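Undergrad: Predicted model, plus sequence, below.
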Amino acid sequence: MNPAETPVSPRLADHTTLRLGGPARRFVRAVTSADVVAAVREADGAGEPVLLLGGGSNLVVADDGFPGTLVQIATTGWTRDGEIVEVAAGQEWDAFVAALVEAGLGGLECLSGIPGSVGATPIQNVGAYGCEVAESIVSVELYDRAAREVRTVKADELGFAYRTSVLKGTDSGVVLSVRFRVDPSGESAPIRYGELARTLGVEIGAKVPAARARAAVLGLRRGKGMVLDPADHDTWSAGSFFTNPILPHAAAETTLRRITAVVGQDVTVPQYPADGGVKLSAAWLIERAGFAKGHPGPGGRASLSTKHTLALTNRGGATTADLLALAREVRDGVRDRFGVILHPEPLLIACVL
């Protein structure tokens, strides 16, 4: 047995922020990049499915678990060369951001408080409060499972778009480390998000000390139950469960007319420009479709967060089936009322919505 392999297959519920999911058939904890590559190569050679686990903050795993090898990427640490910082894929994201800010390095502070690991950030182009990792990523080192080799992929090859990249929806590339460009001046990235600008008392586009921006972001996230707290069931979630829908330009006018016909002509529908269309607020649509904060799913073991309607939460004793039943109710309710289809942001493992 590999020294990193545990003799007992743990429940995924013990490794995900939702605290849901059955056991993996086999569990390997990889503490170096070489361990990660070796574990994936071994499973591939045996024709066994592989599930990569970082912080477990973006996974919804079936109650029956995962019928394959779970590789926990437990690599940590980072190195700096001038404005470039290379970070191990398994490094906890917020601890890394906090260390950057403490060292007087800016650029990632608006992404404070996001749970999970560094390696997951380029996969779905993690973003919040007007910033995305795509703006700071220089390159990614990954293991190419088809070529069976480690290679470096530059940022412009990653196909970054809203909450996605060429790495999302495929397990062909295993992220080993990520390189970011940081600002040694200690100033934040430009403040682009209205709520954050108002909290800081600055105009859109202004910069502030990175530490000040981080403190403001953490305060806003805590108010929405988006900073992990074992005692707070509102944080027993996968963060925002649905992505903000983007309407193609050709369909936007018709859909917006339908929405205003339902909610009233005097109501302003939040909308933002997006590549190829118009982006709407999923949380706004969910609330206007009749789902209030705290809305319970069947049986009440899963519910919308009491602080933020975009988070689906485990209230204790929930199953993945409970959570998915609630997600379907919300998705179908928004579709039936407004004709807008919401799509899940977390990865669904051995289950479907």
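TA: Thanks, I have it.
Undergrad: give the contact list for Ile100.
TA: Not Ile; residue 100 is Leu. For Leu100, the contact set (CB atoms under 8 Å, 6 or more residues apart in numbering) comprises 85, 106-109, 182, 210. C-beta here means a position set from N, CA and C on the backbone, and glycine is covered the same way.
Undergrad: Give the buried residues for the one helix or strand it maps to.
TA: Using DSSP states H and E, Leu100 sits in helix 93-102. By neighbour count on 16 or more other CB atoms under 10 Å, the buried set for helix 93-102 is 93-94, 96-98, 100-101.
Undergrad: which one among the residues you listed gets closest to Thr235?
TA: Using CB to CB, Asp94 comes nearest to Thr235 of the buried residues of helix 93-102, at 12.9 Å.
Undergrad: For the closest one, which non-adjacent residue is spatially closest?
TA: Closest residue to Asp94 apart from its sequence neighbours, by CB to CB, 6 or more residues apart in numbering: Gly113 at 5.9 Å.
Undergrad: tell me the contacts of the one you found?
TA: 94, 217-218, 221-222, 226-227.
Undergrad: Now secondary structure, distance to Val37 and pLDDT too, for those, in JSON lines please.
TA: As requested, the contacts of Gly113 are arranged in JSON lines below (DSSP: H, G, I helix; E, B strand; the rest coil; distance: CB to CB, whole Å; pLDDT from 0 to 100):
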{"residue": "Asp94", "secondary structure": "helix", "distance to Val37": "26", "pLDDT": "97"}
{"residue": "Val217", "secondary structure": "helix", "distance to Val37": "35", "pLDDT": "98"}
{"residue": "Leu218", "secondary structure": "helix", "distance to Val37": "35", "pLDDT": "97"}
{"residue": "Arg221", "secondary structure": "helix", "distance to Val37": "34", "pLDDT": "95"}
{"residue": "Arg222", "secondary structure": "helix", "distance to Val37": "38", "pLDDT": "93"}
{"residue": "Met226", "secondary structure": "coil", "distance to Val37": "33", "pLDDT": "90"}
{"residue": "Val227", "secondary structure": "coil", "distance to Val37": "33", "pLDDT": "90"}
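Undergrad: coming back round to it: out of the contacts of Leu100, which sit inside strands?
TA: Val85 (DSSP state E).
Undergrad: would you list the contacts of Leu100 in TSV and tack on pLDDT, distance to Trp284 and neighbour count?
TA: Output for the contacts of Leu100, formatted as TSV (pLDDT from 0 to 100; distance: CB to CB, whole Å; neighbours: other CB atoms under 10 Å):
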residue	pLDDT	distance to Trp284	neighbour count
Val85	98	36	23
Gly106	97	31	23
Gly107	97	29	26
Leu108	98	27	28
Glu109	98	26	29
Val182	98	34	20
Ala210	98	30	28
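Undergrad: Tell me which residues touch the closest residue to Cys131 other than its chain neighbours, please.
TA: Nearest non-adjacent residue to Cys131, counting by CB to CB, 6+ apart: Cys110, 4.1 Å away. By CB under 8 Å, 6+ apart, the contact list for Cys110 reads 128-131, 188-189, 191, 193, 196, 213, 217.
Undergrad: residues of the helix or strand containing Asp35 that come out buried?
TA: Using DSSP H and E, Asp35 sits within helix 33-45. Residues of helix 33-45 classed as buried: 33, 35-40, 42-43 (neighbour count, 16+ other CB under 10 Å).
Undergrad: Ok, stretch 232-246 next?
TA: 233-246.
Undergrad: So which bits of whichever helix in the chain runs longest are buried?
TA: Counting residues, the longest helix found in the chain (DSSP state H) is helix 320-338. Going by neighbour count (16+ other CB under 10 Å), the buried part of helix 320-338 is 320-327, 330-331, 333-334, 337-338.
Undergrad: now stretch 292-300
TA: Here stretch 292-300 shows 293, 295, 297 as buried, counting by 16+ other CB under 10 Å.
Undergrad: closest to Thr255 among these?
TA: Closest to Thr255, out of all of those and judged by CB to CB, is His295, at 23.5 Å.
Undergrad: Give the full set of residues in contact with that closest one.
TA: Applying CB under 8 Å, 6+ apart, the residues near His295 are 303-304, 309, 326, 330.
Undergrad: cool, and Arg214?
TA: So Arg214 contacts 97-98, 101, 109, 112 (CB under 8 Å, 6+ apart).
Undergrad: From these, pick the one nearest Leu176.
TA: Val97 (19.7 Å).
Undergrad: thinking again about what came up before, can I get the contacts of Gly113 in CSV with distance to Val175?
TA: Listed next are the contacts of Gly113 as CSV, based on distance: CB to CB, whole Å:
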residue, distance to Val175
Asp94, 18
Val217, 24
Leu218, 26
Arg221, 24
Arg222, 28
Met226, 23
Val227, 24
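Undergrad: neighbour-wise, which of the residues you listed leads?
TA: Val217 (27 neighbours; other CB atoms under 10 Å).
Undergrad: would you put the C-alpha positions of the lowest-mean-pLDDT helix or strand in the chain in CSV?
TA: Taking mean pLDDT, DSSP states H and E as the measure, the helix or strand of the chain with the lowest value is strand 271-274, at a mean of 90. The C-alpha coordinates for strand 271-274 follow below in CSV (Å, rounded to 0.1, in the frame of the first residue of the first chain):
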residue,chain,number,x,y,z
GLN,A,271,-28.5,43.7,-15.4
TYR,A,272,-24.9,44.0,-16.4
PRO,A,273,-23.0,43.8,-19.7
ALA,A,274,-21.4,40.4,-20.4
